[in-house]
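Undergrad: turn this into a structure:
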Amino acid sequence: MNIARWVSDDPRLRERGNLETARSIVAEFRSTEPAQLEERRRILEFIEAHSDALERTCLSGHLTASALVIDARGERALLTHHRKLDRWLQLGGHCDGDGNLAASAWREATEESGIGGLAIDAMPVDLDIHTIPARKSEPEHWHLDVRFLVHAPAGAVETISEESIALGWFSPSELDSIETDDSVRRLFRIAF
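TA: Numbering: from 1, shown residues only. As a prediction, this is how the structure comes out:
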């Protein structure tokens, strides 16, 4: 399958989408894994039941978009030691109303890594539904995460954002040395 790769000057990264755009992206997701097909079904049901699924104000949960950033040599991926969740995760976050999920994932990866010139594969590679614990005025809720692969240019240098304790490049063999979760390991299996 030939997947379109959007680079930073691609106008499609500046096009905002709506909930129907997001629904179409999730509906077009393909996998041979039964668990991934079940995640797709659950996300589509959530979208049908929640007209505000792209907004943080949807308190039961909302769509998010994330990215595994791969180095130019295709050997390592950039992870963030997430400040609030205190573990190593892929970059990403809230869509804030934008149903162009690839653009949301690319934007989050760019903001959280500080790396310019990132390129994103426009089709998602993974779906993951997980709970976010309650904090302050925010109740426990679902993140229905649509995940993409992003490619860093040669010589990329990352810069920590407010959301991270640290950023680090990891090869698949180094994952056992950090605190992460099975969904990140799954992303590494897809990417490498």
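Undergrad: and the helix or strand of the chain with the lowest mean pLDDT, what does it pack onto?
TA: Of all helical and strand segments in the chain, the minimum by mean pLDDT, DSSP states H and E falls on strand 5-6, at a mean of 90. If you count contacts as 3 or more C-beta pairs under 8 Å, 6 or more residues apart in numbering; DSSP states H and E, strand 5-6 packs onto strand 119-121. From N, CA and C alone the C-beta is placed, and that goes for glycine too.
Undergrad: centre of the chain to the least confident helix or strand of the chain, how far?
TA: Mean C-alpha position of strand 5-6 versus that of the full chain (C-alpha atoms, centre = their mean, to the nearest Å) differs by 15 Å.
Undergrad: now the spatially most central residue of the chain: closest residue in space that isn't a chain neighbour?
TA: Nearest to the geometric centre of the chain sits S66, at 0.9 Å (C-alpha atoms, centre = their mean). Excluding the flanking residues, the one nearest S66 by C-beta to C-beta, 6 or more residues apart in numbering is G92, at 2.3 Å.
Undergrad: residue contacts, that neighbour?
TA: Taking C-beta atoms under 8 Å, 6 or more residues apart in numbering as the criterion, G92 is in contact with T64, A65, S66, A67, A105, E108, A109, E112, D145, R147.
Undergrad: using the three-state scheme, assign it.
TA: On the three-state scheme (DSSP: H, G, I helix; E, B strand; the rest coil), G92 is labelled strand.
Undergrad: how about I165?
TA: Secondary structure, three-state DSSP: I165 is strand.
Undergrad: offset the numbering so it begins at 499, please.
TA: With the count now opening at 499, the last piece we talked about shows up as I663.
Undergrad: isn't it right up against H580?
TA: Yes - the criterion here is C-beta atoms under 8 Å, and I663 meets it with H580 at 7.4 Å.
Undergrad: between these two, who's got more neighbours?
TA: Neighbours around I663 and H580, counted as other C-beta atoms under 10 Å, are more numerous at H580. The numbers are 17 against 13.
Undergrad: contacting residues around the more buried one?
TA: W586, L587, E661, S662, I663.
Undergrad: which parts of the chain are strands?
TA: 503-504, 559-568, 575-580, 586-587, 589-592, 617-619, 624-630, 639-649, 662-668 (DSSP state E).
Undergrad: tell me what angle the last one forms with strand 559-568.
TA: By that I understand strand 662-668. 50 degrees (axes from the mean of the first three to the mean of the last three C-alpha atoms, to 10 degrees).
Undergrad: so which elements touch strand 662-668?
TA: Here strand 662-668 touches strand 575-580, going by 3+ C-beta pairs under 8 Å, 6+ apart.
Undergrad: cool, and the longest one?
TA: In this structure, strand 639-649 packs against helix 517-526, helix 532-547, strand 559-568, strand 589-592, helix 599-611, strand 617-619, strand 624-630, helix 680-689, with contacts taken as 3+ C-beta pairs under 8 Å, 6+ apart.
Undergrad: can you put the ones you listed in JSON lines and add distance to A654 and mean pLDDT?
TA: Formatted as JSON lines, the helices and strands packed on strand 639-649 follow (distance: least, C-beta to C-beta, whole Å; pLDDT from 0 to 100):
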{"stretch": "helix 517-526", "distance to A654": "26", "mean pLDDT": "98"}
{"stretch": "helix 532-547", "distance to A654": "29", "mean pLDDT": "98"}
{"stretch": "strand 559-568", "distance to A654": "8", "mean pLDDT": "98"}
{"stretch": "strand 589-592", "distance to A654": "13", "mean pLDDT": "95"}
{"stretch": "helix 599-611", "distance to A654": "8", "mean pLDDT": "97"}
{"stretch": "strand 617-619", "distance to A654": "11", "mean pLDDT": "97"}
{"stretch": "strand 624-630", "distance to A654": "22", "mean pLDDT": "96"}
{"stretch": "helix 680-689", "distance to A654": "16", "mean pLDDT": "96"}
